[in-house]
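In: when you get a sec, could you give me coordinates for this:
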Amino acid sequence: MQAPSIGGVRLSRGNGEVVRLPRGSSVTDFAERINETPADLVKVLIGLGEMVTATQSIDDDTLRLLGEELNYQIEVVSPEDEDRELLESFDLEFGGDEGQDEDLMARPPVVTVMGHVDHGKTKLLDAIRSTNVVSGEAGGITQHIGAYQVVALTPDGERAITFIDTPGHEAFTAMRARGAQVTDIAILVVAADDGVKPQTIEALNHAQAAQVPIVVAVNKVDKEGADPTKVRAQLTEYGLVAEEYGGDTMFVDVSAKQGLGIDSLLDAVLLTADAALDLRANPSQDAQGVAIEAHLDRGRGPVATVLVQRGTLRAGDSIVAGDAFGRVRAMLDDEGNPVQEAGPSYPVQVLGLTSVPSAGDTFLVVPEDRVARQIAQTRQARERNAQLAKSRVKRSLEDFLESIQKGEVAELTLIIKGDVSGSVEALEDALVKIDVGDEVSLRVIHRGVGAITKNDVTLASASKAIIIGFNVRPEGKVAELAAQEGVEVRYYSVIYQAIEEVEAALKGMLKPIYEEVQLGTAEVREVFKSSKFGTIAGCLVRSGDIRRNSMARLIRDGAVVADGLGIAGLRRFKDDVTEVREGFECGINLGSFQDVKVDDVIETFELREKPRKP
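Out: Coordinates of the predicted model:
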């Protein structure tokens, strides 16, 4: 059975077979799977209104469109499946504890602290850890995800609890959601004097979506106007019913400032963990876990905070984390002390990676450095293809012709550099969600961790991009190079300010909207011919006023005869005037337009810029 001839080419149609392709595949990749030439498939896509090259990474929708045309079912392999297949090719796997049930040992619970901004999450962690992480925070918000382990005293002895600190502003939604994916229990912090806020509900939704038990810390109970009972009643509406009301959620009244109720909160966490969860892991297998945070240190190179989920991580192990790899040169605990081993639920900083992994990347120990390098390089190439497909401006032939007629869509191109990967991801996530309509768009062409480099400036110069530095500065003479190249570099230490300024820039790129405002109308009573000026219309101004040099149109019998005219000449008797008001007679010359008849109406107007709705 033959497909319709496109460009003189006839292709064999499939029988509905499933073709599995990785994200960001090209036409060539598809052609190899179905034994066709890439050039023929490119012609098919052109016939479907999609302009692509044979080797260009294309998005999932375009792949499926091509598959439907040729009667194939395209199955785009998910990132998780891609990773699973990649690891299987090296006889590795991620997830699940190896060995028998007796090999599993109890591990500490991993707790994420969530809640509304300014409700005291960081102060609560400060009270729990008896360290001060608040004083150095710009704008009073937590800019980084950190992981810390504390020891709680219980009747059964000392028990460890691991805390993951996630920020509370909406802009960090991606970071908070990622925190919920690695956590066992969520502590929802609600201020007793402020009650439930939108971000409280947002945090609650993330925790419930991750299906983790929730312990509510009612903070600031020592403040005037505090009403812990009101908080319990408000959260009942969202499915969190306190134990004293017959529910199964533990509520603990605390004061982070006074240090009240901290021990009770830790007890509640451990009780919830024992009652609702089976927290065990095999400490004997090769370590696996998640990169919580990562940054580039000038003296130590890439530094990643990792949370071991199973197995034991040891100094000297070969690891791969996302598209970064290396050998563990050193490990440090949350206080900066060197450690030789890290077991399940233990967070450590790892030194020795070749690059900075992304926050949320999984890591695993591999047999040797060569395997780690191969896995990392394959992941890099795969992610690069996926990003190319994602960032490709999807444009059909009709869109292309339309854009030529209307002028190109304005685009703001950004390069984002930050001190840690979590902040960079959160900032990018917030910026790409800014919506100012279809007339302007925002594209992030590069993001990275560390100082702004010469390569960043070169890329920005070639792409006409703006560089955003979040808690970082240019290295060496890069600032001078940026000035020479005319590259704008913006520096921020608070994420809200970056979002507001980029949004303002996008709105500034919008073309102004003009609306037509009628100035006046004049009825033609008589027509005169002048050897010097051509046709002159003797008129009576019926409404408004007629102004010289204003825009005009000619209306005859209710229909527009000519548009885009202008009042070239305006006279009262023998005097040139600039304006004639309603009820007065005048002579009007419409420049080169001569076809004016008695009873025609000349309508004048101007275009005024219309303010955009916020």
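In: from now on I want contacts and neighbour counts done on CA atoms only, so please keep to that.
Out: Fine.
In: give me the low-pLDDT residue ranges for the chain?
Out: 1-10, 80, 131-145, 166-181, 390-410, 436-439, 508-513, 611-614 (pLDDT under 70).
In: check whether the residue nearest the centre of it sits in a helix, strand or coil.
Out: The residue lying closest to the centre of the chain (Cα atoms, centre = their mean) is Asp429, at 1.8 Å. Secondary structure state of Asp429, per DSSP: H, G, I helix; E, B strand; the rest coil, is helix.
In: Three-state assignment for Ile416, please.
Out: strand.
In: what's the burial count for it?
Out: 23 (other Cα atoms under 10 Å).
In: what do you get for Arg84?
Out: The number of residues packed near Arg84 is 15, by other Cα under 10 Å.
In: do Glu368 as well
Out: Look at Glu368: counted by other Cα under 10 Å, it has 13 neighbours.
In: could you find the closest non-adjacent residue to it?
Out: Ser318 (5.8 Å; Cα to Cα, 6 or more residues apart in numbering).
In: I'd assumed Asp369 was in contact with that neighbour.
Out: Yes: here Ser318 reaches Asp369: they are 5.6 Å apart, a contact under Cα atoms under 8 Å.
In: mutual contacts of those two, please.
Out: Shared contacts of Ser318 and Asp369, defined by Cα atoms under 8 Å, 6 or more residues apart in numbering, are found at 326-327.
In: who's more crowded, the two?
Out: Neighbour comparison, Ser318 and Asp369: the larger count goes to Ser318, with 24 against 16 (by other Cα under 10 Å).
In: can you tell me which residues contact the more buried one?
Out: Applying Cα under 8 Å, 6+ apart, the residues contacting Ser318 are 325-328, 365-369, 372.
In: by neighbours, which of the residues you listed wins?
Out: Phe325 (29 neighbours).
In: okay, and the beta partners of it?
Out: Applying DSSP bridges to Phe325 gives these bridge partners: Val320.
In: quick check, Glu244 in a strand?
Out: No: applying three-state DSSP, one finds Glu244 to be helix, outside a strand.
In: mind checking how far Ala498 is from Val472?
Out: As defined by Cα to Cα, to the nearest Å, Ala498 lies at a distance of 13 Å from Val472.
In: kindly report the same for Cys586.
Out: Applying Cα to Cα to Cys586 and Val472 gives a distance of 68 Å.
In: same drill for the two, tell me which one is more crowded.
Out: Of the pair Cys586 and Val472, Cys586 is the one with more neighbours under other Cα under 10 Å, namely 25 against 18.
In: any idea how far the helix or strand containing that one is from the middle of the chain?
Out: In this structure, Cys586 is located in strand 585-589 according to DSSP states H and E. In terms of Cα atoms, centre = their mean, to the nearest Å, the centre of strand 585-589 is set 60 Å apart from its chain centre.
In: next SSE after that strand?
Out: Next along from strand 585-589, by DSSP H and E: strand 601-610.
In: that following strand to strand 585-589, inter-axis angle?
Out: Going by axes from the mean of the first three to the mean of the last three Cα atoms, to 10 degrees, strand 601-610 is angled at 80 degrees with respect to strand 585-589.
In: elements contacting strand 601-610?
Out: Where contact means 3 or more Cα pairs under 8 Å, 6 or more residues apart in numbering; DSSP states H and E, strand 601-610 is packed against strand 513-530, strand 551-556.
In: what comes up buried for the next helix or strand after the longest one?
Out: Tracing the chain past strand 513-530, the next element assigned as helix or strand by DSSP H and E is strand 534-547. Counting neighbours by 16 or more other Cα atoms under 10 Å, one finds that the buried residues in strand 534-547 are 535-547.
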